[in-house]
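> Starting from these lines, generate the structure:
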Amino acid sequence: MLQTLERADIESINFGGFDSPVIEVRGYQNYDLTADTITAIANPTSLRPWTDTKIKSELFQTILDTVQPKTYSDFGSNLGYYVFHAAMQGISSTGVDYNKEYTHVCQCLTSRLDIGQTTWFHSNLQQWSRSASRYDLVTVFNVIHHLYNRTEEYRNMDKLVSGFRNKGTVVLFEFPTERDKKGYKWTMDTDYTQELFEEMIEKHFSEWVMMPGQTTERPYYLCYA
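This is a model prediction of the structure:
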C-alpha cells in the first residue's frame, strides 16, 4: 500500500446539482469541466505561484502542438487538468498519482461526464516504471524534489531521470531547483542540484532544451529520447 504524506490539495469540487453540465474544480489546479470542453482558471489567490493553471495550460498546448502525441501521461497528475485537456483533443491520456484522493476524484469526474480517452492509475514511480506502457509524451510537473527525498526517497538522480526516460519518447520536466523554497526544504541534506539534473538529462536524452518556468526557480526542460 502506498503511504500518502498529506491530504490532497482540493478547495472545492462543485458538481452544481444533478442536471448541471459543468463541474467547477478548485485547488492546486483550477478549471471548469464539461463533457467535451475544459477551461483553465487562473489561480484565485497568490498561493502556488508556480502552478497557475491558465498560464501553464498555454505552455502545455504549445507542447502538444509541437510533439503531436497520440499517447500521453502526466505523472503526478493531481486534479487531472492536463490529462483531461489532452483527452479533449483525442489523445489517449493517462494520469498517475500516488495520492489516491486525486485519482479517485478524477475517476469520479470521468464517470460523471462520461469522458473518454482517460485512464487513472494510483501508483508511484517505482511501480509505474516497471509496467510495459510507454507514451509519446510524459509530463513531470513539480514532483522531482518529492521523489528524490520524500515520497519515494530515490536519492539517485541518474536512476530517477532514467525512470522517466524509459516511459516517454518526449518528457517535459518542471524542475524545482535547490533555490526554490520547497525544492530546498525537501532535499537540503542530499546532493540534489540543478547541475546534477542537467548532467543526467544530458546522459539519458539525445536532445533537450530549457525554457523559463512560472517562477525563475522552477524552469521547464523539454527532453527528447
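
> Could you use CA atoms for every contact and neighbour count after this?
OK.

> Now do the SS call for the closest residue to residue 115 other than its chain neighbours.
Distances taken as C-alpha to C-alpha, 6 or more residues apart in numbering put residue 35 closest to residue 115, at 6.0 Å, once the chain neighbours are dropped. Using DSSP: H, G, I helix; E, B strand; the rest coil, the structure places residue 35 in coil.

> just for the protein, where's the confidence low?
1-2, 5 (pLDDT under 70).

> who touches the closest residue to residue 50 other than its chain neighbours in this structure?
Leaving aside its sequence neighbours, residue 50 sits nearest to residue 214 (C-alpha to C-alpha, 6+ apart; 5.1 Å). Neighbour list for residue 214: 49, 50, 51, 52, 55, 56 [criterion: C-alpha atoms under 8 Å, 6 or more residues apart in numbering].

> And residue 214, how far from residue 110?
The gap separating residue 214 from residue 110 is 29 Å, by C-alpha to C-alpha, to the nearest Å.

> chain center to stretch 3-12, what's the gap?
Computed by C-alpha atoms, centre = their mean, to the nearest Å, the separation of stretch 3-12 from the middle of its chain amounts to 15 Å.

> Kindly check the end-to-end length of that stretch for me.
24 Å.

> what's next to that stretch, contact-wise?
Stretch 3-12 has contacts (C-alpha under 8 Å, 6+ apart) with 24, 25, 26, 27, 28, 98, 99, 101, 102, 151.

> same deal with stretch 89-101?
With C-alpha under 8 Å, 6+ apart, stretch 89-101 has contacts from 2, 4, 7-8, 69-78, 80, 83-84, 86-87, 103, 117-124.

> So which residues make contact with stretch 13-27?
With C-alpha under 8 Å, 6+ apart as the criterion, stretch 13-27 contacts 9, 10, 11, 12, 30, 31, 32, 33, 34, 35, 79, 109.

> That stretch: which residues count as buried?
Along stretch 13-27, these residues count as buried under the neighbour rule (16 or more other C-alpha atoms under 10 Å): 15, 22, 23, 24, 25, 26, 27.

> Look up how far residue 111 lies from the last one.
Here the criterion is C-alpha to C-alpha. By it, residue 27 lies 20 Å from residue 111.

> The contacts of stretch 89-101 in strands, which ones?
71, 72, 73, 74, 75, 118, 119, 120, 121, 122 (DSSP state E).

> Tell me who's in contact with the second one.
Looking back up the chat, that one is residue 72. Counting by C-alpha under 8 Å, 6+ apart, the residues that residue 72 touches are 83, 86, 91, 92, 93, 94, 135, 136, 137, 138.

> run the last query once more with 10 Å
64, 82-83, 86-87, 91-95, 118, 134-139, 168, 170-171 (C-alpha atoms under 10 Å, 6 or more residues apart in numbering).

> what do you get for the third one?
Contacts were defined as C-alpha under 10 Å, 6+ apart; by that measure residue 73 touches 82-83, 86, 91-96, 118-120, 133-140, 167-168, 171.

> Kindly recompute the last result at 7 Å.
Residues near residue 73 by C-alpha atoms under 7 Å, 6 or more residues apart in numbering: 93, 94, 95, 135, 137, 138, 139.

> Over to the last one?
With contacts defined as C-alpha under 7 Å, 6+ apart, the neighbours of residue 122 are 96, 97, 98, 99, 100, 103.
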